[in-house]
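Student: model the following, please.
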Amino acid sequence: MNHSDKIAADKTSLGFEFQDLVYIEKLIELRPGQTLGLEVHDDIHIETAANDASIENFLLVQVKHSVDSGNITDRDIDLWKTIYNWLKLVPSLPSSRTLRFQLYTNKSINNQAFVSLLKAPLHNIQAILDHIRKTNQEISAAESKKKPDDSPNPLAKYVQSISQAHDEELKFIFERFEFYSDNSSIISRISSALRQLSIPTSRLEDTRKHVIGAFKESKFSRIIAGEKVKITFDDFRIAMGFDRIIRSARAEPTDFEQFVDIYYSYQRPDRLSFINSKFHDQLKDIGISDNEIVDRGVEMMLAEQFMESLQKAGSFSATENSRLENKAFTEWKLLHNQSHRNAIDGDEAAHQKASLGCYDQTMRNPLKAGDIELPSNLSCGKYIKLSDIPRIGWRKNWQNRF
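Tutor: Model prediction:
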């Protein structure tokens, strides 16, 4: 890759990053009943559901970013490519009661003829169509005078295709067209949107990074799963943890202590067994009693239900839960290495004692979510969950046995 290609690649990458940040800005502004798509029907689209679940409003957004923002001109290739793309796209769009086309750019809107007409397209429809045909004539005439080795005007194919469209097709676009121009920092705009949600100024940067990280993780997971990136209001607020992020930024800690009430109010069935579970086999193998195994199983079961309820409530995200389990793995690994450091191969009694020691120490080792220490039953439940996967074990050679 030569230097020019590298610069072009960097600009393309920056354009995609800008598009993602615009998407995040619109996620923060999302309202109940709305769904936000990324690279589905357009760069970004917003659909608003009607009461009968049909689509009430549909907004297509083409996001254009320029390193040197400057002005949108009459022959701006981004402008013409956008119109060209919309003409091709219209036949495949889902039905909706209203439809709008928005060009979102960080360039300024100047007063050149075509751009000026597009500022108020409803009042200038015929003038817009005339300008398109005139522009095509001018570019075609210039192209016809070029020598065979001359490079073609990259704008020519877009202008020609648009000018050949039927008047009704063009009117359909321009009657619904709008510019959105903002050359301010997209990062600042995201921070401003968060500030309107009563986030303290001192927490804005961290909160913004948490929101961006939650989106990037969700986007990656959806793409890997072969799913389209379409996020509803509830997806963003609850599943992606935006509500929890906001509450956390407002210094409202997650109430883990309520797990103690949940655990001691749980009515165990007369017959409760975890005999088909990996954690059961691991504990049975090191001599743990059936009653204690059931205790551990209840802790695991209730801990998983509790964490899921926190995620649904938006007070603890999937990312935080994954981080907590990684911390649990780290704590266990230190204790496992310590317990089996002096183990002698072939001495089963010593190995059994070391395995029990590893288990006991792990169960007594509390986990922390941030600065908050979890109740011991909840910590035990998380450790046992990892042994059920199984991601951790008690014997030195547990991986070979389970």
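
Student: against R133, how distant is the most centrally placed residue in the chain?
Tutor: The chain has F215 as the residue nearest its centroid, 2.3 Å off, counting by Cα atoms, centre = their mean. According to Cβ to Cβ, to the nearest Å, F215 stands 43 Å off from R133. Glycine gets a C-beta too; all of them are placed from N, C-alpha and C.

Student: and what of A249?
Tutor: 54 Å.

Student: of these two, who's got more company?
Tutor: Counted by other Cβ atoms under 10 Å, A249 and R133 do not tie: A249 has more neighbours, with 21 against 13.

Student: and the more buried one, what does it touch?
Tutor: Listed by Cβ atoms under 8 Å, 6 or more residues apart in numbering, the contact set of A249 reads L194, I199, P200, R203, D206, T207, H210.

Student: next SSE downstream of the helix or strand of the chain with the lowest mean pLDDT?
Tutor: Ranking every helix and strand in the chain by mean pLDDT, DSSP states H and E puts helix 3-29 at the bottom, with a mean of 73. On the C-terminal side of helix 3-29, the closest following helix or strand by DSSP states H and E is strand 34-38.

Student: let's verify L197: helix, strand, or coil?
Tutor: coil (DSSP: H, G, I helix; E, B strand; the rest coil).

Student: quick one: contacts for it?
Tutor: Neighbouring residues of L197 by Cβ under 8 Å, 6+ apart: I28, I246.

Student: could you number the chain from 527 rather than 1 from now on?
Tutor: Got it, the first residue is 527 from now on, which makes the last one we talked about L723.

Student: give me the phi and psi angles of it.
Tutor: When quoted as degrees, to the nearest 10, the phi and psi of L723 stand at phi -100, psi 20.

Student: give me the below-cutoff pLDDT ranges for the stretch 527-676 of the chain.
Tutor: 527-538, 595 (pLDDT under 70).

Student: can you give me the strands for it?
Tutor: Listed in chain order, the strands of the stretch 527-676 of the chain (DSSP state E, counting those that start in this stretch) span residues 560-564, 570-575, 581-590, 597-598, 624-631, 634-635.

Student: any idea how far apart the tips of stretch 670-685 sit?
Tutor: Taking Cα to Cα, to the nearest Å, stretch 670-685 runs 15 Å from one end to the other.

Student: residues in contact with that stretch: which ones?
Tutor: With Cβ under 8 Å, 6+ apart as the contact definition, stretch 670-685 has outside contacts at 601, 603, 606-607, 609-610, 658, 661-662, 665-666, 668-669.

Student: stretch 755-764 too?
Tutor: 553, 556-566, 744-745, 748-749, 766, 768-769, 837-840.
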